[in-house]
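Visitor: what follows is a predicted protein model with its sequence.
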Amino acid sequence: MSGPMVSLRGVGKTFSAGGASTEALTGIDLEVQAGEFVSLLGPSGCGKSTLLRIIGDLLAPTTGTVKVNGKSPAQARNHRDYGMVFQQATLLDWRKVLGNVELPLEITEVPAAEKDRRARAMLDLVELAEFSDHYPWQLSGGMQQRVAIARALVLEPQLLLMDEPFGALDEMTRERMQMELMRIWEQTRKTVVFVTHSIPEAVFLSTRVVVMSPRPGSIAGIVEIDLPQPRQFETRELPAFFAKLVEVRETLRRVGGE
Amino acid sequence: MTVAPLPRKLTGWLPPLLVFLAVLALWEFWVKAAGIKGFLLPPPSDIVATLSDQWTVVWAAGFFTLREALGGLIGGSLLGILGAFATARWSLVREGVLPFSIAASSAPIVALAPITNQWFGITNPVSKMTVVAVMVFFPVMINLVRGLTDVDAGQLELMRSVAARDATTMLKVRLPNALPYLLSALKVAVVLSLIGAIVAEYFGGSRAALGVYISQQAGLTRMAEAWAGIVVATLMGAGLQLLIIGAERLLIPWHPSRRRN
């Protein structure tokens, strides 16, 4: 693949309901290259989740063009070019952990033996192999979200779309999950587009942070995060990490986001 | 807890059983102490004696009525299920039919009994089955529609993100989601079906039917016999409920109502 994994040109989105219309996004230009980890960061109402849903073809843009893996978003979705992780784990309550990870494989009609093998490999990756026979409600919030990550990766997509996946977790679980995600990203080398409203989270995880401003949502600035890879526990203690926090925070403040 | 280590099943059953026996004892004592006449309220001991005396007659009547109730229950539920799928599938049906159904479900449908007696003949079980079918149709349909449509928005987005076809989403998300709703509707429906069949028989029916037996015995002031009929009706209702609870245990072990720590 030579072109960018995600390319957005002049993307805008206007919601209209009952005669009133709200401009959620305007003039979004962004390219995400293969292998990048890009965070969309901004206050609530800046349209970052909307933008992610446009990339995933869960919403249609009002204006502009979107290309995912060189295709239209609808084609990319139909080819299962991306896996998606939501803020809620959205596991199916009636399926055990293994069954939940197998779901995308069932939908793509993967033969039973291979289905089982691939789902178990993904559970190994997120280190939940021994919980394959548990129901989702028997797991903690962090473990549920790891199952959701395994499910998003099981079809081996090139692109991972994550919508505030750790937003509902407590701070300690959250930092552990960020380490987990970095380990998985190291291992799988997917392209990731990650929505968050946490500045340290964006800086810690990303190779680039796209800072967005609200009303209407637009890109206020892009901060390159050239911290050493792989990211480790100690990364958060580097002076360079603090410098990046400040840089992102300043960018947000300029646009009135903080 | 420091309570004596009784098996969990037993500790669960014991309190209601004790309350039940206490109520019977109080009833027995009160009827005898106050000298209440048997045609007003017979003591439980009389009812038990009559029941064992009339065992085959009352149970034969019970099974006759059970057949009517089950016939109506199955017919009405199947129609309710079909109606629910149509309603969930086509929004036009939903907008047109659902408000009507909700209104109709609060109508006293047993009141139709004299009319279905006219339609099908007073001794024809179909007249009672029809009343029962109409009674169970609405709760089954309304609950199932709710189960098919009250699906977590995130789960639907997930299915869209993996490009699942509508039929797949129906099979793998909407149907399992609706199962608890259907089963709780059926728990209501089994009770309604017995009420429907017995009350419809009060308006007249085959001499073999339990409702006819109860109303005739009561008319002759043979209250112990009438009560024996009511006991049989209660046991049948409880039996049907247990069947549904068993089905829940089997079909929805994942549901919050079935979770054990």
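Guide: Yes, it's here.
Visitor: only C-alpha atoms from now on, for both contacts and neighbour counts.
Guide: Fine.
Visitor: hey, where'd the helices end up in the stretch 1-150 of chain A?
Guide: A:48-55, A:73-78, A:97-107, A:112-125, A:141-153 (DSSP state H, counting those that start in this stretch).
Visitor: and those helices: which comes nearest A:Pro200?
Guide: Across the helices of the stretch 1-150 of chain A, A:Pro200 has its closest neighbour in helix A:48-55 (16.9 Å, Cα to Cα).
Visitor: near chain B, anything from the closest one?
Guide: No - taking Cα under 8 Å from any Cα of the partner chain as the criterion, helix A:48-55 and chain B are apart, separated by no less than 9.5 Å.
Visitor: tell me the mean pLDDT over that helix?
Guide: The average pLDDT within helix A:48-55 is 94.
Visitor: what helices or strands is it leaning on?
Guide: Secondary-structure packing of helix A:48-55 (3 or more Cα pairs under 8 Å, 6 or more residues apart in numbering or on different chains; DSSP states H and E): strand A:20-32, strand A:63-68, strand A:159-163, strand A:191-196.
Visitor: mind listing what's buried along the first one?
Guide: Within strand A:20-32, the residues scored as buried using 16 or more other Cα atoms under 10 Å in any protein chain shown are A:Glu23, A:Ala24, A:Leu25, A:Thr26, A:Gly27, A:Ile28, A:Asp29, A:Leu30, A:Glu31, A:Val32.
Visitor: same question for the helix or strand hosting B:Leu66, mean pLDDT?
Guide: Using DSSP states H and E, B:Leu66 sits in helix B:55-89. Across helix B:55-89, the average pLDDT comes to 93.
Visitor: up against chain B, what does the stretch 151-258 of chain A have?
Guide: Neighbours of chain B within the stretch 151-258 of chain A, by Cα under 8 Å from any Cα: none found.
Visitor: any low-confidence regions in the stretch 151-258 of chain A?
Guide: Counting by pLDDT under 70, the stretch 151-258 of chain A contains low-confidence ranges at A:256-258.
Visitor: repeat the analysis, applying 80 as the threshold.
Guide: Counting by pLDDT under 80, the stretch 151-258 of chain A has low-confidence residues at A:255-258.
Visitor: put the alpha carbons of the biggest helix by length in chain A into PDB.
Guide: Across chain A, the longest stretch assigned as helix under DSSP state H is helix A:171-188. The C-alpha trace of helix A:171-188 is given here as PDB (Å, rounded to 0.1, in the frame of the first residue of the first chain):
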ATOM      1  CA  GLU A 171      -7.200   6.100  36.000                       C
ATOM      2  CA  MET A 172      -5.100   3.100  37.100                       C
ATOM      3  CA  THR A 173      -6.800   0.600  34.800                       C
ATOM      4  CA  ARG A 174      -6.600   3.200  32.100                       C
ATOM      5  CA  GLU A 175      -2.800   3.500  32.300                       C
ATOM      6  CA  ARG A 176      -2.400  -0.300  32.300                       C
ATOM      7  CA  MET A 177      -4.600  -0.500  29.300                       C
ATOM      8  CA  GLN A 178      -2.500   2.100  27.500                       C
ATOM      9  CA  MET A 179       0.600  -0.100  28.100                       C
ATOM     10  CA  GLU A 180      -1.400  -3.100  26.800                       C
ATOM     11  CA  LEU A 181      -2.400  -1.200  23.700                       C
ATOM     12  CA  MET A 182       1.200  -0.100  23.100                       C
ATOM     13  CA  ARG A 183       2.400  -3.700  23.400                       C
ATOM     14  CA  ILE A 184      -0.300  -4.900  21.000                       C
ATOM     15  CA  TRP A 185       0.500  -2.000  18.600                       C
ATOM     16  CA  GLU A 186       4.200  -3.000  18.700                       C
ATOM     17  CA  GLN A 187       3.300  -6.600  18.000                       C
ATOM     18  CA  THR A 188       0.800  -6.000  15.200                       C
END
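Visitor: and that helix, which residues are buried?
Guide: A:Thr173, A:Arg174, A:Glu175, A:Met177, A:Gln178, A:Met179, A:Glu180, A:Leu181, A:Met182, A:Arg183, A:Ile184, A:Trp185.
Visitor: do stretch B:194-210 as well
Guide: In stretch B:194-210, counting by 16+ other Cα under 10 Å, buried: B:194-206, B:208-210.
Visitor: filter the residues you listed down to just the ones in strands.
Guide: Using DSSP state E, no member of the buried residues of stretch B:194-210 falls in strands.
Visitor: which one of those is nearest to chain A?
Guide: Taking Cα to the nearest Cα as the measure, B:Leu194 is the one of these closest to chain A, at 31.9 Å.
Visitor: just to revisit the earlier point, what does the longest helix of chain A rub up against?
Guide: With Cα atoms under 8 Å, 6 or more residues apart in numbering or on different chains as the contact definition, helix A:171-188 has outside contacts at A:Leu125, A:Val126, A:Gly142, A:Phe166, A:Gly167, A:Glu201, A:Leu205, A:Pro230, A:Arg231, A:Gln232, A:Phe233.
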